[in-house]
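Engineer: whatever this is, show me its structure:
(chains A, B, C and D)
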There are 2 protein chains.
Amino acid sequence: MVQKPNNRSKDADERLKRRAEVRRLEILRAAARAFRQLGYHATGMRDIAAEADLSPGNLYHYFKGKEEILFFCQDRSLDNMLEALERARLSGGAAPDQLRAVADAHVRVILDELEGSDAHLELDVLGQELRDKLIKKRDRYERGIRKLIAEGLKRGELLDCDPVLVTRAMLGALNWTVRWYRPEGPRSIAAVARSLADYVVRGIDPSPAGGAAVPETEGGSS
Amino acid sequence: MVQKPNNRSKDADERLKRRAEVRRLEILRAAARAFRQLGYHATGMRDIAAEADLSPGNLYHYFKGKEEILFFCQDRSLDNMLEALERARLSGGAAPDQLRAVADAHVRVILDELEGSDAHLELDVLGQELRDKLIKKRDRYERGIRKLIAEGLKRGELLDCDPVLVTRAMLGALNWTVRWYRPEGPRSIAAVARSLADYVVRGIDPSPAGGAAVPETEGGSS
DNA sequence: TCGGTTTTTGAACCACCGTTCGATTATGGC
DNA sequence: GCCATAATCGAACGGTGGTTCAAAAACCGA
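Structural biologist: Residues are numbered from 1 along each chain as shown, chains lettered A, B, ... in the order given. Model prediction:
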């Protein structure tokens, strides 16, 4: 309870912190794996523990509970998406190209073998506090895409449409992949991402056979 | 246990059957309402019972369990969609028009105030038997749309695309509405359905500003 | 080797929820 | 009114699953 900062050297303390952080990531990945295999609701803490190779009780040294684990899974994915959005924005390309890049990255993130899972779609199970944080971040992402569209419209680079509705339709088409995509199937993640990115933008792209201009990100999901 | 068919007149028996059937529908609607408000997993049998105004135990006179309730909810919606698909097919219009009609109806069905709910998306919780039935029916629906697209392509009424992928993308965009649509919002169900139907077809419609040709179904979701 | 802190364990706890069950009440034909 | 059947109730059961906890083990600087 009482502070005892001086009986441990500073860098040693940080080393521990870092180790704990690494362990947390391992657990998160294991959890995402479990979620993907069994579905969020069917996945128990014991499953996560087994997948992460530690005891059930020990999970609670790293996370406050199941909710927090789900939260961090979603949070990390959202960060990845926001990052991709920013990258597209900075690329300075035409609106359709930027949109295609974002859509492509979006699919790659949610289908990612290590982190992706349908847990992304589970917002309702979180408590007020955590849910609000995620909603805030998710809204920032959605607004970003909306802005991309709105600006594209203003610059005449896109066909007339309702940015709000189109954004949601796009995200729906992309998110839906977690429901049907199977790695054993005929299509690679990259191919699906590219095709879908193409499709969702086509409808508002003035250029004739619009598309096929995703900047070849070369499987960069390290 | 033993058959005793003669101590009740035939039509009286059928009257009872019909009454029970009506009650079942009432319960299904109540369940859908509950699912929509709380989400499927957060909705307990006691919630459904309260919403349907009967005791928890009594639910089991009408359904084998929670799974079966969910099953029938989804089954009914699928029937509605298949019906709409058939109607579009029989209309004999051009492929883009048929597709728009199907998409429009699809959104109307899943957002329907009485029956709709995100329970549509919950397949995993069902047991083998029921799930297989639903998957079969859902696949029939999906194949129907795919066929619509494939035939449209063959007749040169649609732009080149992968029917499988486009079908799934379309359904994703449409299904996603259950996640964000709120009746209190600025858009009516009809408006959303129309706009989305327009958007999802636009990308593969050769005609210039394609769309706006949904046959004005006049809120016929009685 | 010693003392503290962190990590780990696995059993136990407990609340919730789907479900069952025996009893009670309505229903409808004779 | 009588009886069989259907409908209804509400308490109780059983199992699952998230979580807690006290104790043991591992770690690490001194």
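
Engineer: now the phi/psi pair for A:Val125, please.
Structural biologist: The phi/psi pair for A:Val125 (degrees, to the nearest 10) reads phi -80, psi -10.

Engineer: next, count neighbours for it.
Structural biologist: 16 (other CB atoms under 10 Å in any protein chain shown). Heads up, the C-betas are built off the backbone N, CA and C, glycines and all.

Engineer: which residues does A:Gln37 contact?
Structural biologist: Taking CB atoms under 8 Å, 6 or more residues apart in numbering or on different chains, we find A:Gln37 in contact with A:Thr43.

Engineer: check the secondary structure at it for me.
Structural biologist: In three-state terms, and counting by DSSP: H, G, I helix; E, B strand; the rest coil, A:Gln37 is helix.

Engineer: and what of A:Ala193?
Structural biologist: Applying three-state DSSP: A:Ala193 is helix.

Engineer: wait, it sits on A:Val107?
Structural biologist: Yes: at 3.8 Å, A:Ala193 counts as touching A:Val107 under the criterion of CB atoms under 8 Å.

Engineer: spatially nearest residue to A:Phe72 (excluding sequence neighbours)?
Structural biologist: A:Leu28 (5.5 Å; CB to CB, 6 or more residues apart in numbering or on different chains).

Engineer: now do the nearest residue to A:Ala52 once chain neighbours are set aside against chain B, distance only.
Structural biologist: Once flanking residues are discounted, A:Ala52 sits nearest to A:Ala30: 3.6 Å by CB to CB, 6+ apart. Separation of A:Ala30 from chain B (CB to the nearest CB, to the nearest Å) stands at 20 Å.

Engineer: buried ones in the host helix or strand of A:Ala30, by neighbour count?
Structural biologist: In the assignment (DSSP states H and E), A:Ala30 maps to helix A:10-38. If you call a residue buried by 16 or more other CB atoms under 10 Å in any protein chain shown, then helix A:10-38 has these buried ones: A:Ile27, A:Leu28, A:Arg29, A:Ala30, A:Ala31, A:Ala32, A:Arg33, A:Ala34, A:Phe35, A:Arg36, A:Leu38.

Engineer: three-state assignment of A:Thr43?
Structural biologist: Secondary structure, three-state DSSP: A:Thr43 is coil.

Engineer: tally up the residues packed near the closest residue to DNA strand C within chain A, please.
Structural biologist: Closest contact between chain A and DNA strand C, by CB to the nearest atom of the strand, is at A:Gly57 (1.9 Å). Neighbourhood size, A:Gly57 [other CB under 10 Å]: 9.

Engineer: who's in contact with it?
Structural biologist: No contacts exist for A:Gly57 under CB under 8 Å, 6+ apart.

Engineer: mind checking pLDDT for it?
Structural biologist: The model reports A:Gly57 with a pLDDT of 96.

Engineer: with the one 4 residues further on instead?
Structural biologist: You'll see A:His61 listed with a pLDDT of 97.

Engineer: which helix or strand contains it?
Structural biologist: Assigned by DSSP H and E, A:His61 falls within helix A:59-62.

Engineer: same check, this time on A:Leu153
Structural biologist: According to DSSP H and E, A:Leu153 maps onto helix A:128-154.

Engineer: which strands or helices does that helix pack on?
Structural biologist: helix A:66-91, helix A:95-111, helix A:163-175 (3 or more CB pairs under 8 Å, 6 or more residues apart in numbering or on different chains; DSSP states H and E).

Engineer: now the ones you listed as TSV including mean pLDDT and distance to DNA strand C?
Structural biologist: Formatted as TSV, the helices and strands packed on helix A:128-154 follow (pLDDT from 0 to 100; distance: least, CB to the nearest atom of the strand, whole Å):
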stretch	mean pLDDT	distance to DNA strand C
helix A:66-91	96	14
helix A:95-111	97	28
helix A:163-175	98	26
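
Engineer: adding distance to B:Ser117 and mean neighbour count, write the ones you listed out as TSV.
Structural biologist: Converted to TSV, the helices and strands packed on helix A:128-154 look like this (distance: least, CB to CB, whole Å; neighbours: other CB atoms under 10 Å in any protein chain shown):
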stretch	distance to B:Ser117	mean neighbour count
helix A:66-91	22	18
helix A:95-111	23	25
helix A:163-175	17	23
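
Engineer: which among the ones you listed is found nearest to DNA strand D?
Structural biologist: helix A:66-91 (3.8 Å).

Engineer: ok, A:Ser117 touching A:Cys73?
Structural biologist: Yes: the pair A:Ser117 / A:Cys73 is scored as a contact, 7.1 Å apart, by CB under 8 Å.

Engineer: touching both of those two, which residues are there?
Structural biologist: Counting by CB under 8 Å, 6+ apart, the residues touching both A:Ser117 and A:Cys73 are A:Ala32, A:Phe35.

Engineer: list the contacts for the spatially most central residue of chain A?
Structural biologist: The geometric centre of chain A, computed from its C-alpha atoms, lies nearest to A:Ser77 (CA atoms, centre = their mean), at 2.5 Å. Counting by CB under 8 Å, 6+ apart, A:Ser77 touches A:Val109, A:Ile110, A:Glu115, A:Gly116, A:His120.
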